[in-house]
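Asks: 3D, please:
(one chain, ligands or ions: 1)
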Amino acid sequence: MILLIDASSRSELISYPIRDIIQEAKKIEKTGTKMIYLNIGDPAPFGFRPPAHVLEAAAEALKQNYSGYAPSEGDPELRAAVAQHEKVATQDVFITAGLSEGIDFLFQALIDPGRNILLPTPSYPLYLTKERLSYGTVDFYGCDSNFEPDLDSLRKSITKYTKAILVINPNNPTGAVYSRKTLEGLVNIAGEHKLPIISDEVYDQLVFDGEGVRLKDLHKDVPMVCGNSLSKNYIYPGARVGYLAFHGEGWDKIKDATQRLCNQRLSVNWEMQRAYIAAIKGSHEHVKSFNSELRKRRDILVKRIKTIPGLSVVPPKGAFYSFVRFEGPWKDDLEFVRGLLKAGVVTVPGSGFAPNLERKYFRIVFLPKPEQLEEAFNRIEKFMK
Ligand SMILES: Cc1ncc(COP(=O)(O)O)c(C=O)c1O
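Replies: Residues are numbered from 1 along each chain as shown. Predicted coordinates:
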């Protein structure tokens, strides 16, 4: 019997362009081209490792009795450590499987069909998929020429269907780090419209230029939920542990919903939660050296792009991404990125982050060692010629 089983129409709404491009890259690789993968924001393949004391805590937890289900909302000690760090109460903290699961929970808890979380453009693609899957209206606010939120656009984009405002700072895909003035303006607008803020802070320690101001210190009485994880700041994305921390008043119903969402998926890997405790409480020396390596690589990227006709970039100040603009004969960003694939460099088309922007951008990760990054730019330069 040959049976073709239909996929649900809902599943058609799911895409993750950062990884979707890999299948095409693998096909080209089979023809003999050795690829340089600059599509995924994972420091591990480029030689960066989690701090030793965090790995030791994970190994120690494996020897102890952490083999059962953890409490659904998280290990009590981890919740307390996060609460102290976030300056909230322990019951305001929920541990999730990476911030990815936290994002999923927020959409499930907040969004009815037709409503939306107002997203910045460009945005991390998981938010776009979750918005579509919630049958929400996908609404965006714009950014200025430095990729900081454009406050006029934000004001104009708020509608009666807006349920919350998303801020990603430092930003993926642009590497922008927002100024105090922008963040204060954003809080004021959220306050005027009585809207909570969702603050995605997965890169909050990875700032190598600029002020590194945190919304936590500015949000006043505007309710805010901060999301973070072990993935980027502690260079441990494979651990899959993150959290949501609810700041301010008004969250009771959402916290109840989050607890139920935690219960239905049972728990998060307990050993890795123990590692996160060590990360939060232990030395943060690695952040200095990681940031200094990132700055070095960012400088190479900016220097090379300046000398390649047809490319331009706003120098990233944090995280490890840049959103590069191209000019030239290509029909759109997909054609451009496919061309780059043939030249041996894997990047992500900008429209995966910003369906409403001009299709003239691609995202590139600048985590590789300097020699490899130079080689990637040699290939890009040749391709542009
Ligand atoms: C802006 C942003 N938020 C959230 C995530 C999800 O991170 P994780 O699930 O690894 O904590 C990522 C991952 O790349 C990201 O870039």
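
Asks: whichever residue of the stretch 51-200 of the chain sits closest to the ligand: what's it in contact with?
Replies: Across the stretch 51-200 of the chain, no residue is closer to the ligand than residue 98, which sits at 2.6 Å (Cβ to the nearest ligand atom). Heads up, the C-betas are built off the backbone N, CA and C, glycines and all. Neighbouring residues of residue 98 by Cβ atoms under 8 Å, 6 or more residues apart in numbering: 229, 231, 237, 240, 241, 242.

Asks: one more pass at 10 Å, please.
Replies: 104, 202, 227, 229-231, 237-243, 268, 272 (Cβ atoms under 10 Å, 6 or more residues apart in numbering).

Asks: cool, and residue 235?
Replies: 42-44, 48-51, 54, 206, 279, 286-287, 290.

Asks: only the buried subset of those, as a ChimeraX command please.
Replies: Buried members of the contacts of residue 235, identified by 16 or more other Cβ atoms under 10 Å, are gathered into one ChimeraX selection as follows:
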select :42,43,48,50,51,54,206,279,286,287,290
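
Asks: local confidence estimate at the nearest residue to residue 186 once chain neighbours are set aside?
Replies: Closest residue in space to residue 186, ignoring its immediate chain neighbours: residue 149 at 5.8 Å, by Cβ to Cβ, 6 or more residues apart in numbering. pLDDT for residue 149: 97.

Asks: quick check: phi and psi on residue 149?
Replies: phi -50, psi 130 (degrees, to the nearest 10).

Asks: what's across from it in the sheet?
Replies: According to DSSP bridges, the partner residues bridging residue 149 are residue 143.

Asks: wait, it sits on residue 141?
Replies: Yes: using Cβ atoms under 10 Å, residue 149 is in contact with residue 141, at 6.4 Å.

Asks: which residues do the two both contact?
Replies: 120, 121, 165, 186, 189.

Asks: where does the stretch 101-250 of the chain have low pLDDT?
Replies: Nowhere does the stretch 101-250 of the chain drop to pLDDT under 70.

Asks: residues from it in reach of the ligand?
Replies: 124, 168, 172, 200, 202, 229, 231, 237, 242 (Cβ under 6 Å from any ligand atom).

Asks: how about the first one, what does it touch?
Replies: Going by Cβ under 10 Å, 6+ apart, residue 124 touches 18, 41, 99-100, 103, 166, 168, 171-173, 200, 202, 321, 352-353.
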